[in-house]
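A.B. asks: here is a sequence with its predicted model. Questions after.
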Amino acid sequence: MNVSNIIFRKSFLTLPSLAALVILGSGLSVNAQTVEPETIILPTHQTSIFTVATEEIASGTITPIPGTVETSSVMLNSGSTEASEKTQPSNRIAQSPIGIGRATRGGSSYIGVGLNVGASGGFSDLSDGNFTVISKIGVTKTLSVRPSVILGSNTTFLVPITYDLSFKSPDPFTEALPIAPYLGLGAVIKTGDKSETALLVTGGIDVPLNSRLTATAAVNAGFFSKTDVGVLLGVGYNFRGF
């Protein structure tokens, strides 16, 4: 009985040791297992977005896709590049456009009637008192043609080209003076039995009365064999181009 008890006790004491060894062995085997990498499958939509974005960055052409955020340097810098290109100064010289009948800086083009008052001379109707048809035809911002016809016994044509001026107010908050002077050269043509063409020198002012009417006053000198001088006063109806 004593021997069997001893054997039973030894067996009983051995069982816990064996159980501990089994547990340790199973733990080591668990820790030694290799974890297989998981394969991440992206949705087809995201894959196509990444593919298109890669191709666009390589080619330099960016096509925005709804629902996406622009994160590439090409996308972020494209806007600033375009802005810098727009702000670069241009070396082109601005030119005044040419338009027949356009307004000049001295005012609108017009056609009207007036009165010529002779001041000196006596060779042409420019030196007499006569009814006159007047006009101003703008060509550029500063140049205009001002053909006029003095109706008399020997009808006289005045065809000057004038340089139109304008007065600027010294105060930027005050409107410019409504007076537009002009100076010019051209030809004066006398008709009749002794027709002749001579140099014409003219100078005057235009005064806008309203959006439709302009008053004008000018001094004209025709250099014939005798110098004829006349003062022209008139009112013109404004128009814009032909």
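C.D. replies: On my side now, so go ahead. Residues are numbered from 1 along each chain as shown.
A.B. asks: stretch 192-201 spans what distance, first to last residue?
C.D. replies: Length of stretch 192-201, first residue to last, CA to CA, to the nearest Å: 22 Å.
A.B. asks: what comes into contact with stretch 218-234?
C.D. replies: Stretch 218-234 has contacts (CB atoms under 8 Å, 6 or more residues apart in numbering) with 112-124, 126-128, 132, 134, 146, 148, 150, 156, 158, 160, 188, 190, 196, 198-205, 215-217. Yep, even glycine has a C-beta here, placed from its N, CA and C like the rest.
A.B. asks: the same query, at a cut-off of 7 Å, please.
C.D. replies: The contact list for stretch 218-234, computed with CB atoms under 7 Å, 6 or more residues apart in numbering, reads 112-124, 126-127, 132, 134, 148, 158, 188, 196, 198-204, 216-217.
A.B. asks: in ChimeraX, select just the buried ones from those.
C.D. replies: Buried residues within the contacts of stretch 218-234, by 16 or more other CB atoms under 10 Å, are selected in ChimeraX with:
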select :112,114,116,118,121,123,124,126,127,132,134,148,158,188,196,198,200,201,202,204,216
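A.B. asks: ok, now how distant is Y237 from K141?
C.D. replies: Y237 sits 22 Å away from K141, going by CB to CB, to the nearest Å.
A.B. asks: likewise for S195?
C.D. replies: Taking CB to CB, one finds S195 at 35 Å from K141.
A.B. asks: neighbour-wise, which of these two wins?
C.D. replies: Taking neighbours as other CB atoms under 10 Å, S195 and K141 compare with K141 leading, 16 against 12.
A.B. asks: isn't the more buried one up against G107?
C.D. replies: No: using CB atoms under 7 Å, K141 is not in contact with G107; the gap is 11.6 Å.
A.B. asks: measure stretch 116-129 end to end?
C.D. replies: Stretch 116-129 has an end-to-end distance of 5 Å (criterion: CA to CA).
A.B. asks: does G241 really touch A103, like I thought?
C.D. replies: No: using CB under 7 Å, G241 is not in contact with A103; the gap is 8.9 Å.
A.B. asks: the more surrounded of these two?
C.D. replies: Set G241 next to A103 and count neighbours by other CB under 10 Å: A103 wins out with 19 against 11.
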